[in-house]
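Engineer: What shape does this take:
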Amino acid sequence: MKKIDLKKELKQLYTASAKSVERVTVPQLRYLMMDGKGDPNSSPEYAQAVEALFSVSYTAKFAVKKGAEKLDYAVMPLEGLWWADDWSDFVTGNKANWKWTMMILQPSFVPDKVIEDAIRDVRKKKDLPALNQLRLEEFSEGLCAQILHMGPFSAEGPTIGKLHEYILGHGELTGKHHEIYLSDIRRAAPARWKTILRQPMK
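Structural biologist: Numbers count the residues shown, from 1 in each chain. As a prediction, the model looks like this:
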């Protein structure tokens, strides 16, 4: 059985330095996505979105593994786009007004139909209302700056500040704040959480 390491193939997008800001060019990639609003720490909608994304992604993975081509790969990490209609809500941490798109990268070799079938199969096994809001979408960010944050999400402020300072020194911010969650927060201590912080720029 052929094992495909997507993190290795896309190494520049799924590794980052904690010491310095780096530039990356992010190509068009395909994600399973869901939109929502509210505090991720307390919003049932957020928890339902994450469960639906992982349930479908793992179901698709096992379908491909059992299929004719016998391909195996690791499900990619959870990612999130974050913003607010009033930027001050984002800066001050008024999370009730935060908007988000949670997403998981889907390999290019996995057909759309496999993912559609995975959504159907998960629906048969679990009562997940969020399944109706999932979508498969191509997403491109182009030129971005990114840095690795080590520690809890609540301590991201200085790291985000460093990222924005770099961008404003070389151009301007565009797009939405992007986070890639490399750690399993259910198992790792908050001090050891690794999160790539990415921001499109021009």
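
Engineer: Helices of the chain, start to end?
Structural biologist: 6-9, 11-14, 44-66, 87-92, 112-125, 157-170 (DSSP state H).

Engineer: Select from the ones you listed the stretch with the lowest mean pLDDT.
Structural biologist: Note on those: lowest mean pLDDT is at helix 87-92, with a mean of 70.

Engineer: that older thread, any chance of the helices of the chain in CSV, with mean neighbour count too?
Structural biologist: The way it works is simple: take the backbone N, C-alpha and C, and place the C-beta from them, glycine included. Compiled in CSV, these are given as follows (neighbours: other CB atoms under 10 Å):
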stretch, mean neighbour count
helix 6-9, 14
helix 11-14, 15
helix 44-66, 18
helix 87-92, 12
helix 112-125, 15
helix 157-170, 15
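
Engineer: Distance to R187 added to the ones you listed, as JSON lines?
Structural biologist: Below are the helices of the chain laid out as JSON lines (distance: least, CB to CB, whole Å):
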{"stretch": "helix 6-9", "distance to R187": "18"}
{"stretch": "helix 11-14", "distance to R187": "19"}
{"stretch": "helix 44-66", "distance to R187": "15"}
{"stretch": "helix 87-92", "distance to R187": "29"}
{"stretch": "helix 112-125", "distance to R187": "24"}
{"stretch": "helix 157-170", "distance to R187": "22"}
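
Engineer: and of the ones you listed, who's closest to M33?
Structural biologist: helix 44-66 (8.1 Å; CB to CB).

Engineer: domains of this protein?
Structural biologist: Here the domain assignment for the chain is 1-27+141-202, 29-139, based on automatic domain parsing.

Engineer: First residue to last residue on the last one, what's the distance there?
Structural biologist: So the one you mean is domain 29-139. 5 Å (CA to CA, to the nearest Å).

Engineer: swap in the shortest one?
Structural biologist: Between the start and the finish of domain 1-27+141-202 there is a gap of 42 Å, counting by CA to CA.

Engineer: Surely G171 is in contact with K202?
Structural biologist: Yes: contact criterion CB atoms under 8 Å: G171 and K202 qualify, at 5.4 Å.

Engineer: Tell me the spacing between R192 and G151.
Structural biologist: 8 Å (CB to CB, to the nearest Å).

Engineer: Looking at those two, which is more packed in?
Structural biologist: G151 (17 against 12; other CB atoms under 10 Å).
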